[in-house]
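> I'll drop the sequence and a predicted model, then ask my questions.
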Amino acid sequence: MDPLPTPQTQSGRDGLAALLARPRTALIGLDFDGTLAPIVADPEQARAHPDAVPALAALAPKIASVAVITGRPPEVAVRYGGFAGVPGLEHLTVLGHYGAERWDAATGTVTAPPPHPGVAAARAELPRLLERAGAAEGTWIEEKGRALAVHTRRAADPQGAYQSLRAPLADLAARHGLIVEPGRLVLELRPPGMDKGVALLDHARAVGAGCVVYAGDDLGDLPAFDAVDTLRADGVPGLLVCSGSTEVTELAKRADLVVDGPEGVVGLLRALAAQLG
Ligand SMILES: O=P(O)(O)OC[C@H]1O[C@H](O[C@H]2O[C@H](CO)[C@@H](O)[C@H](O)[C@H]2O)[C@H](O)[C@@H](O)[C@@H]1O
């Protein structure tokens, strides 16, 4: 059996104690890439850790809500995660595109606002811009519909390629009313106005969460960490979990609990499910 780890902060221990005392009020929010799915070189090959879905399916019926909150389009996270049609996950919610789009297992449908016109304009310019910026071989554009992501993980010098594209992509985004979302060797051009913090807060309020756990690994998860702090200030206990990596260190500094990547996240989910009986 997986041992239940002890958070290193008092607020984290309070958050965990609240979850164990009142599981039926608990919301667990989880990022996808780097948290439920191991990081791989090709984003189209990312899949949930093989034990993630069984662990979630064991835990979800014992708590108020499980929400996957991801930068991916929700239908992609559902497909790569293997989340659809799973007994135990009948009420799973996937908040995709940083919360702009939503998939509910109960209906199997996605709700989404209209696309931002700046994405089409940026799409038309992006290949030429990368050429002019001398983007390294291996730089890859991920077409996300509501957004465009430029990946450098497969370049010979991924960090150098990433840094060299920051300014030109920031300029392109600004010209079309978009923002740049930086992540693990990815710079995403996306519409403003939504982030994982807004998504988590809205969902926590909608389900009437009495305590919240959030686990993430990347810079885009920091607003969700802020949301847990906001909830704590409102009297809702919370637990911040960092799915640790050597690529991003910002979350580890803020987390109540650092676990060893998706393997560690799955171990935590399994331990919670076992503890809740
Ligand atoms: O919010 P998330 O679920 O963490 O999604 C963030 C981005 O994740 C994906 O990129 C990351 O994972 C890839 C596959 O492991 C990896 O190759 C890449 O370097 C990472 O940045 C995804 O491709 C993006 O669309 C997401 O926005």
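Yep, that arrived.

> Do a quick rundown of the strands in the stretch 151-277 of the chain.
179-183, 186-190, 211-216, 238-243, 257-259 (DSSP state E, counting those that start in this stretch).

> could you list every residue that touches the residue in the chain positioned nearest to the ligand?
The ligand sits closest to Gly71 of the chain, with a gap of 2.8 Å, by C-beta to the nearest ligand atom. All C-beta spots, glycine's among them, are computed from the backbone N, C-alpha and C. Neighbouring residues of Gly71 by C-beta atoms under 8 Å, 6 or more residues apart in numbering: 32-33, 96-98, 147, 149, 181, 183, 188, 220.

> which of the residues you listed come close to the ligand?
Restricting these to those near the ligand by C-beta under 6 Å from any ligand atom leaves 32-33, 149, 183, 188, 220.

> Quick one, which of those residues are buried?
32-33, 149, 183, 188, 220 (16 or more other C-beta atoms under 10 Å).

> Can you get me a residue count around Pro192?
Pro192 has 12 neighbouring residues, counting by other C-beta atoms under 10 Å.

> Apart from its chain neighbours, what residue comes closest to it?
Ile179 (4.7 Å; C-beta to C-beta, 6 or more residues apart in numbering).

> Which pLDDT value goes with the one you found?
Ile179 carries a pLDDT value of 98.

> Contact residues of the protein facing the ligand?
31-34, 39-41, 43, 46, 70-72, 142, 144, 149, 151, 153, 183-186, 188, 218, 220.

> just the helices in the stretch 151-277 of the chain please.
For the stretch 151-277 of the chain, applying DSSP state H, counting those that start in this stretch gives helices covering 158-175, 196-207, 222-233, 250-254, 261-275.

> Can you lay out the ones you listed as a markdown table showing mean pLDDT, mean neighbour count and distance to Val110?
Shown next, in a markdown table, are the helices of the stretch 151-277 of the chain (pLDDT from 0 to 100; neighbours: other C-beta atoms under 10 Å; distance: least, C-beta to C-beta, whole Å):
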| stretch | mean pLDDT | mean neighbour count | distance to Val110 |
| --- | --- | --- | --- |
| helix 158-175 | 98 | 17 | 25 |
| helix 196-207 | 98 | 21 | 14 |
| helix 222-233 | 98 | 19 | 21 |
| helix 250-254 | 96 | 15 | 28 |
| helix 261-275 | 98 | 21 | 24 |
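
> of all those, which lies closest to Leu56?
Closest approach to Leu56 among these (C-beta to C-beta): helix 261-275, 6.2 Å.

> what distance separates the closest one from the middle of the whole chain?
Mean-position distance between helix 261-275 and its chain equals 17 Å (C-alpha atoms, centre = their mean, to the nearest Å).

> ok, and what's touching it?
When contacts are defined by C-beta under 8 Å, 6+ apart, helix 261-275 is touched by residues 1-5, 19-20, 28, 30, 34-38, 49, 51-52, 55-56, 58-59, 62, 215, 217, 241, 243-245, 257, 259.

> What's the PyMOL line that selects buried ones from the residues you listed?
When burial is assessed using 16+ other C-beta under 10 Å, the buried subset of the contacts of helix 261-275 is captured in PyMOL by this command:
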select buried, resi 2+5+19+28+30+34+35+36+37+38+49+52+55+56+58+59+215+217+241+243+244+245+257+259
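
> The contacts of helix 261-275 in helices, which ones?
Counting by DSSP state H, these place 19-20, 52, 55-56, 58-59 in helices.

> thinking Asp157 is in contact with Ala136, fair?
Yes. Asp157 lies in contact with Ala136 (C-beta atoms under 8 Å); the separation is 6.7 Å.

> neighbour-wise, which of the two wins?
Each of Asp157 and Ala136 has its neighbours counted (other C-beta under 10 Å); Ala136 has more, 18 against 12.

> For that one, give its distance to Leu240.
35 Å (C-beta to C-beta, to the nearest Å).

> Over to Val207?
Using C-beta to C-beta, Val207 is found at 19 Å from Leu240.

> and if you look at Pro168?
Plainly put, Pro168 is 34 Å away from Leu240 if you go by C-beta to C-beta.
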